[in-house]
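In: Sequence and predicted structure, then a few things I'm wondering about:
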Amino acid sequence: MVFSKTILVANPDRQAGQQLAAALFDAGYEAMSAHRPEEVLRAAVGNNPRIVFIHTAMPQIGGYELRNRLEATGLEIPRVVVFAVADGDLPQGPPPDGVSVLAHERSNNEGIVNGVRLMTFADQVGGEIGFGLDRVHGDLTTISFGGLIQALKQHVITGKVTFSAALESSLWIFEGAVIDAWRAPVRGIKAFNRLAGLPGGGFTLTLETPPEGVQTLAEDIGSLVVDAVDERVELAEVLAGLPTLDARPNVQLTGDFFSLEFSRVERETLSNAQEAATFGDLLDRVEATDLEVVRAVQRLLELEILHFSEPRGQVHVLTDSTSDLLAIDARRLGIQVAPVSVQFGTEVFKDGIDLQSEDFHRKLKEFGDLPRTHPVSHGEFLQIFRRLVPSGDVVAVLCSSSLSATYRNALAAIEAGLPEFTELRTESGVAGDPRVFVVDSAQCSGPLGLMAVFARRMALKGIAAANIAAKLEDIGGRFRTVIMVRSIEYVQRAQGIARTAGASKPGTRWLLRLEQGRLAVVAQAAGAEAQGRLQALLMEGLDLKRPVFGSIVQASAPAEAADLKLRLFARLDLRELMEFQLGPAVTSHNGPGSVGAGLIQLTDEEIDLFGAAGSGSA
């Protein structure tokens, strides 16, 4: 049994209520039924059920009234689910907190059993149930990827899980088993293993029937997860000794080639290497897992059959970890990330390297005080520039100089290191003097991450570093960036923002806008009004007839982020919307529970300029 507390079914039709209670019992739940108002109240008070399903036809208490009656008892209030046989019978208006409405097409026994599975799953993973009882919004900072897979199995879930922080990614689940995975552009176990490396971010479970053509990954979910975790650790070690994902593969047959024996993966790797544009492209083309492919690459390099040439004369794109780009995405996109430091007491961690989002939230609870952050140092930038300038120019698009000293430290590193950079370039044989451009993005988090992606796309199209930097300087101040936080305390200490006089109401959200690179408090609101104000502030001044590009960011607020996404898609022509999990450095300044977005409207020329190049690791 996956659920120990009682489920109460309240239906004036005694037989229908008993049949539903029996169906719930068969599914592994404790259930009881009541068919008269006084029985419902007595059972709800005396048995303290966790969930009450109540039909709208129940006299006196069949709409939202039951919850109101129970509030007066002072007891723990169960979750109430209102259902009916027709939409017209459902109560009008948004349900109160703790009440869900089941669409009439799912108000049969099977639909209700699935609804119970969804609610008990949400309880276990710390998720929030979406309107209509058809989805759960959760966060990988409150439950690990392995814990999520285990919960899906335990509650016998059938549906689809999508991940907000990973571009185009999902899992298909059938009766608790993972049957397929997608992590663009790959699927199957290869995609599952990549998803298992996610360090955080929101996820949404939607009850859906898997489409035709999905494939079963493995019968043993435990082995599937363990193998994925093991691969993540070993893969990082092996990749550290191999060429970059931008390197171009080349096959050269040696004299003893036809006498050598190759594994299936090695043969497939050699075959695809002749068509692949980059090492990253090769990883995507071979169906085997990433670890199997890099092991094959290792051996083929040792045999001197496979060779890689690193790009020369390229434009390197660098950002800092306040961009909140996941390490796995940054690596595959070909974007370098300089980590900000986060300090808990005397312990100092590198954002995104030895401190991931799930670790940060745990330490936040344990430490009991707000952490401090430190910008990327002058010396760290020197090391990065020394590594990059021999093979090409550098465009560093960094956190707003009004929010962090990272930008100033990068400028200081260029001034101090330029003679050395020139010498390193000469020794490498790459023509031209080294050029390093540092861009003050006037942004942070998702908008900064999006600017880095735009920069990389321009670099892949062969645009010069100076022109990339100039375009980034132009668009940085054009974003409409608004963040909604649950507590102003984090922002106060980090940015010195004065708190508005007067006490805040329970549930108050603070809305802050990034103006000329600085955060400014612009409004306070609570509940649904706060989400409406957030949307209105983001849309101010936008031309609804023109396409919009942007990013959504959140820290432990997946349901609010999903709601904001729906609101924006309903009103705007969103051509590209990237979703980001606020990392440790940014969450240290905004606090858990933050959600926001940065939107920009581009010219037709910019839309073509920032479009994906269509090749390479990006």
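Out: Thanks, I have the structure now.

In: Now do the buried residues in the longest helix along the chain.
Out: For the chain, the helix reaching the highest residue count under DSSP state H is reported as helix 406-428. Across helix 406-428, burial judged by 16 or more other C-beta atoms under 10 Å covers 406-407, 409-414, 417, 421, 424-425. To be clear about C-beta, it is placed using only N, CA and C from the backbone, and glycine gets the same treatment.

In: Give me the average confidence score over whichever helix or strand comes after it.
Out: Towards the C-terminus, the helix or strand next in line after helix 406-428, according to DSSP states H and E, is strand 436-440. For strand 436-440, mean pLDDT is 98.

In: angle of strand 436-440 against helix 406-428?
Out: Angle, strand 436-440 to helix 406-428, by axes from the mean of the first three to the mean of the last three C-alpha atoms, to 10 degrees: 170 degrees.

In: how distant is the very next helix or strand once past strand 436-440 from the center of its chain?
Out: Going down the chain from strand 436-440, the next helix or strand is helix 445-460, by DSSP H and E. Centroid separation between helix 445-460 and its chain, computed with C-alpha atoms, centre = their mean, to the nearest Å, is 17 Å.

In: domains of this structure?
Out: Per automatic domain parsing, the structural domains of the chain span 3-129, 135-232, 247-309, 314-340+375-476, 480-600.

In: quick one: which of those is nearest Lys365?
Out: For Lys365, the closest of these is domain 480-600, at 9.6 Å, according to C-beta to C-beta.

In: Quote the end-to-end distance of that closest one.
Out: Domain 480-600 has an end-to-end distance of 6 Å (criterion: C-alpha to C-alpha, to the nearest Å).

In: quick one, phi/psi of the residue lying farthest from the centre of the chain?
Out: In the chain, the residue that sits farthest from the middle, by C-alpha atoms, centre = their mean, is Gly255; the gap is 48.9 Å. When read as degrees, to the nearest 10, the backbone of Gly255 gives phi -60, psi -30.

In: What residues does it make contact with?
Out: Listed by C-beta atoms under 8 Å, 6 or more residues apart in numbering, Gly255 has no contact partners.

In: per-residue confidence at it?
Out: 77.

In: For the nearest residue to Leu102 once chain neighbours are set aside, what are phi and psi?
Out: Leaving out its chain neighbours, the residue that sits closest to Leu102 by C-beta to C-beta, 6 or more residues apart in numbering is Phe83, at 4.1 Å. Dihedral angles of Phe83 (phi, psi; degrees, to the nearest 10) stand at phi -140, psi 160.

In: Near Phe83, how many other residues are there?
Out: The number of residues packed around Phe83, counting by other C-beta atoms under 10 Å, is 25.

In: Can you name the residues bridging to it?
Out: Beta-bridge pairing for Phe83 (DSSP bridges): His55, Leu102.

In: who's in contact with it?
Out: Counted by C-beta under 8 Å, 6+ apart, Phe83 has contacts 53-56, 101-102, 104, 107, 112.

In: Looking at the residues you listed, which gets the smallest pLDDT?
Out: His104 (71).

In: what about Gln19, distance to Asn11?
Out: Distance, Gln19 to Asn11, using C-beta to C-beta, to the nearest Å: 9 Å.

In: whoops, I mixed them up, His378
Out: Counting by C-beta to C-beta, the gap from His378 to Asn11 is 70 Å.

In: Out of these two, name the residue with the larger neighbour count.
Out: Here His378 and Asn11 are compared on neighbour count by other C-beta under 10 Å; more neighbours surround Asn11, at 23 against 18.

In: Need the three-state assignment for the nearest residue to that one once chain neighbours are set aside.
Out: Once flanking residues are discounted, Asn11 sits nearest to Gly17: 3.6 Å by C-beta to C-beta, 6+ apart. When classified by DSSP: H, G, I helix; E, B strand; the rest coil, Gly17 comes out as helix.

In: wait, doesn't Gly17 sit right on Ala23?
Out: No: using C-beta atoms under 8 Å, Gly17 is not in contact with Ala23; the gap is 10.8 Å.

In: Neighbour count: these two, which is higher?
Out: Neighbour tally, Gly17 and Ala23, criterion other C-beta under 10 Å: the higher count belongs to Gly17, 22 against 18.

In: tell me the contacts of that one?
Out: Gly17 makes contact with 9-11, 33-35, 55 under the criterion C-beta under 8 Å, 6+ apart.

In: same deal with Thr6?
Out: So Thr6 contacts 30-32, 47-50 (C-beta under 8 Å, 6+ apart).

In: For those, name the two members farthest from one another.
Out: Across the contacts of Thr6, no pair lies farther apart than Ala31 and Asn48, at 14.1 Å, counting by C-beta to C-beta.

In: Looking at these two, which one has more neighbours?
Out: Ranked by neighbour count (other C-beta under 10 Å), Ala31 and Asn48 place Ala31 first, with 24 against 14.

In: State the phi and psi torsions of that one.
Out: Torsion angles, degrees, to the nearest 10, at Ala31: phi -140, psi 150.

In: isn't it right up against Gln19?
Out: No: at 10.8 Å, Ala31 does not count as touching Gln19 under the criterion of C-beta under 8 Å.

In: Let's verify Val342: helix, strand, or coil?
Out: strand.

In: now it, which residues is it bridged with?
Out: Applying DSSP bridges to Val342 gives these bridge partners: Phe349, Thr373.

In: any idea how far Val485 is from it?
Out: 18 Å.

In: again with Val40
Out: Distance, Val40 to Val485, by C-beta to C-beta: 41 Å.

In: what's the answer for Ala16, then?
Out: 47 Å.

In: How about Val81?
Out: In terms of C-beta to C-beta, Val81 sits 32 Å off from Val485.

In: backbone phi and psi for the nearest residue to Arg435 once chain neighbours are set aside, please?
Out: Nearest residue to Arg435 in three dimensions, chain neighbours excluded: Asp393, at 4.3 Å (C-beta to C-beta, 6+ apart). Backbone torsions of Asp393, given as degrees, to the nearest 10, read phi -80, psi 170.

In: okay, now Asp393: neighbour count?
Out: Neighbours around Asp393, by other C-beta under 10 Å: 24.

In: show me what contacts it?
Out: 314-316, 434-437, 464-465.

In: Now render those as JSON lines, adding distance to Ala228 and neighbour count.
Out: Formatted as JSON lines, those follow (distance: C-beta to C-beta, whole Å; neighbours: other C-beta atoms under 10 Å):
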{"residue": "Gln314", "distance to Ala228": "32", "neighbour count": "19"}
{"residue": "Val315", "distance to Ala228": "34", "neighbour count": "25"}
{"residue": "His316", "distance to Ala228": "31", "neighbour count": "25"}
{"residue": "Pro434", "distance to Ala228": "40", "neighbour count": "25"}
{"residue": "Arg435", "distance to Ala228": "41", "neighbour count": "18"}
{"residue": "Val436", "distance to Ala228": "38", "neighbour count": "24"}
{"residue": "Phe437", "distance to Ala228": "39", "neighbour count": "21"}
{"residue": "Ala464", "distance to Ala228": "41", "neighbour count": "14"}
{"residue": "Ala465", "distance to Ala228": "38", "neighbour count": "22"}
